[in-house]
Structures are given as structure tokens and as C-alpha cells.
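Asks: Provide a 3D model corresponding to the input given below.
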Amino acid sequence: MDGKPVIRGTRVPVELVLRELGAGMAIDAIISEHPRLTPEDIRAAQAFAADYLADEDIIYR
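Replies: Below you'll find the model as predicted:
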């Protein structure tokens, strides 16, 4: 997946899951679209994004 993070054991990119959540898709709908995912996988994607952002430096101008 071009080096992008994926959900463990799948080829589903974390970014895709986060975009679907951001677009308002329910967890059940995401799982229906990607049957190998579990609710825990989706929560892990959200936690990954939060951890990634927590390490970002904020630059004020």
C-alpha cells in the first residue's frame, strides 16, 4: 500500500477507515464494506491517528 499504514492482517489502509468515519459512516457500515475488519480494528485506527497527531509539533505564525 505504498508504505501507508494498514489495519493489521489486512490490506485496508488506516486512511480509508478514517475517511469513511469522517464522512459519517457507521462502524457497522464500514465492517459491511470491509468484512475482515472488526470494531476493535476501527478503534485501533482512531487510536493510531490520535497517537500520530500527538507527536506532531504545532508551529504558530
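
Asks: Could you tell me which residues within the longest helix along the chain count as buried?
Replies: Identified as the longest helix of the chain according to DSSP state H is helix 39-54. Residues of helix 39-54 classed as buried: 41-42, 44-45, 49 (neighbour count, 16 or more other C-beta atoms under 10 Å). In short, each C-beta sits where N, CA and C put it, glycine included.

Asks: burial measure for Gly22, as a count.
Replies: Other residues near Gly22 come to 8 when the count uses other C-beta atoms under 10 Å.

Asks: low pLDDT regions in the protein?
Replies: In the predicted model, the chain carries pLDDT under 70 at residues 1, 56-58.

Asks: again, only this time at 80
Replies: 1-2, 55-61 (pLDDT under 80).

Asks: Which residue ranges of it form strands?
Replies: Counting by DSSP state E, the chain has no strands to list.

Asks: all helices of it, in order?
Replies: Assigned by DSSP H, the helices in the chain fall at 14-22, 27-33, 39-54.

Asks: and the first one with helix 39-54, angle?
Replies: Read it as helix 14-22. With axes from the mean of the first three to the mean of the last three C-alpha atoms, to 10 degrees applied, the angle from helix 14-22 to helix 39-54 works out at 100 degrees.

Asks: Show me which residues of helix 14-22 are buried.
Replies: For helix 14-22, using 16+ other C-beta under 10 Å, the buried residues are 14, 16-17, 20-21.

Asks: Specify which member of those is nearest to Leu37.
Replies: For the buried residues of helix 14-22, the minimum distance to Leu37 (C-beta to C-beta) is 7.3 Å, reached by Val17.

Asks: Quick one: residues contacting that closest one.
Replies: Contacts here follow C-beta atoms under 8 Å, 6 or more residues apart in numbering; on that basis Val17 touches 7, 30, 34, 37, 41-42, 45.

Asks: and with 6 Å instead?
Replies: Under the criterion of C-beta atoms under 6 Å, 6 or more residues apart in numbering, the neighbours of Val17 are 42, 45.
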